[in-house]
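>>> Using only what follows, build the 3D model:
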Amino acid sequence: MPMQISGKVVAITGAARGIGAQTARELARRGARISLIGLEPEELEAVAVELGNGHAWFEADVTDPDSVEAAMKATVDQLGGIDVVIANAGLAPFGTVNQHDPKAFTKTVDVNLNGVFHTVRAAMPQLIERRGYALVVSSLSAFTPVGGMAAYTASKAGAEALAGALSSEVAHHGVAVGSAHPSWIDTDLVRDASEDLPAFTEMRRRLPWPMRATTSVDECARAFADGVQRRARRIYVPRSIMLMHWLRNLPTSRLMGRLMLPTTRRLMPQLEQQVAELGRSFSSRNQRLQRGDGERPHS
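Got it, this is the predicted structure:
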């Protein structure tokens with residue numbers, strides 16, 4: 001049954017920028033009260049001020065369950081409850097499995113998968129009480145693996161599976177669970193990777209349609225907000241990505257492997273070389289944050 005979003009409280013992780021911040025703006029425009037959660041206090045505060053009265057922000061690290069639980073408790077104390085949670089915080093490192101920094105791989109799984117678990121677990125008592133909705137932000141990458149993105153792909157596939165399992169666990173409580181599958185969205189994560197790695201940009205251009213489509217963050221936020229109101233089981237951005245979900249075995253098929261072999265044979269060594277020359281696994285912004293010099297940006 002569709003949800004009347006006006007007056008509902010929506011908690012969003014990774015809400016300081018990109019998809020999270022724009023989804024907050026779109027839902028607030030539709031009358032929702034927003035709890036902005038993330039690791040960038042200045043940016044979170046700026047978004048909250050932009051949204052106006054009736055909204056709040058809380059600093060929290062999704063890899064720390066105590067931190068997430070504190071943010072959810074503060075949301076309930078300040079806004080009166082939680083009707084919707086959007087587990088959006090995410091990282092996207094560079095590199096192939098052959099050259100990947102193990103710490104970067106582990107960190108990605110910790111944020112993109114374990115962070116989802118901590119987020120939905122902390123919000124679940126409220127969602128059960130209010131027969132609410134949880135949206136797990138997965139990715140097109142969950143069912144269309146692309147070379148050079150193994151950590152991201154694996155973590156987002158895990159997030160999709162977690163959403164599916166959670167859905168069956170809480171349906172009898174009246175709680176709906178969905179997963180979102182955006183393709184390439186014009187955010188910091190995608191722009192940083194394109195600037196750092198020319199081979200990554202060329203590989204994207206050579207992917208078959210609709211895997212190479214790029215969508216604006218505004219359009220993505222509208223799709224997310226529409227999905228929240230529908231309590232959607234799946235959200236595809238753009239909608240043509242639905243085709244790849246139906247054909248989810250195609251990207252890893254022998255046929256696709258043969259078609260892409262000339263491209264991957266040429267671009268994968270370039271990608272590895274470019275990552276080696278960068279001397280880091282994350283974008284420059286993310287790299288500073290992993291050292292503790294600042295706050296982690298979210299997709």
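>>> C-alpha from now on. contacts and neighbour counts both.
Will do.
>>> could I get stretch 50-63 in CSV with only the CA atoms?
Provided in CSV are the C-alpha atoms of stretch 50-63 (Å, rounded to 0.1, in the frame of the first residue of the first chain):
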residue,chain,number,x,y,z
GLU,A,50,18.7,24.4,3.9
LEU,A,51,15.7,22.1,4.7
GLY,A,52,14.5,24.4,7.4
ASN,A,53,12.6,23.8,10.7
GLY,A,54,11.4,20.3,11.6
HIS,A,55,14.6,18.4,10.5
ALA,A,56,17.7,17.3,12.3
TRP,A,57,21.2,16.0,11.8
PHE,A,58,23.4,13.6,13.7
GLU,A,59,27.0,12.6,13.3
ALA,A,60,27.5,8.8,13.2
ASP,A,61,29.8,6.2,11.7
VAL,A,62,27.8,3.4,10.1
THR,A,63,30.7,0.9,10.8
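>>> Show me how far it is from its chain's centre.
17 Å (CA atoms, centre = their mean, to the nearest Å).
>>> which residues are contacting that stretch?
Residues outside stretch 50-63 that contact it (CA atoms under 8 Å, 6 or more residues apart in numbering) are 13, 25, 28, 33-41, 44-45, 48, 67-68, 70-71, 74-75, 78-79, 89, 110-111, 114-116, 118-119.
>>> Any quick PyMOL command for the buried ones out of these?
In PyMOL, a selection of the buried entries from the contacts of stretch 50-63 looks like this (16 or more other CA atoms under 10 Å):
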select buried, resi 13+25+28+33+34+35+36+37+38+39+40+41+44+45+48+67+68+71+74+75+79+89+110+111+114+115+116+118+119
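>>> Mind checking which of the contacts of stretch 50-63 are in helices?
25, 28, 41, 44-45, 48, 67-68, 70-71, 74-75, 78-79, 115-116, 118-119 (DSSP state H).
>>> Which stretches in the stretch 51-200 of the chain count as strands?
Applying DSSP state E, counting those that start in this stretch to the stretch 51-200 of the chain gives strands spanning 56-59, 84-87, 133-137, 176-182, 184-185.
>>> can I assume Leu113 is in contact with Lys156?
Yes: using CA atoms under 8 Å, Leu113 makes contact with Lys156 at a distance of 6.9 Å.
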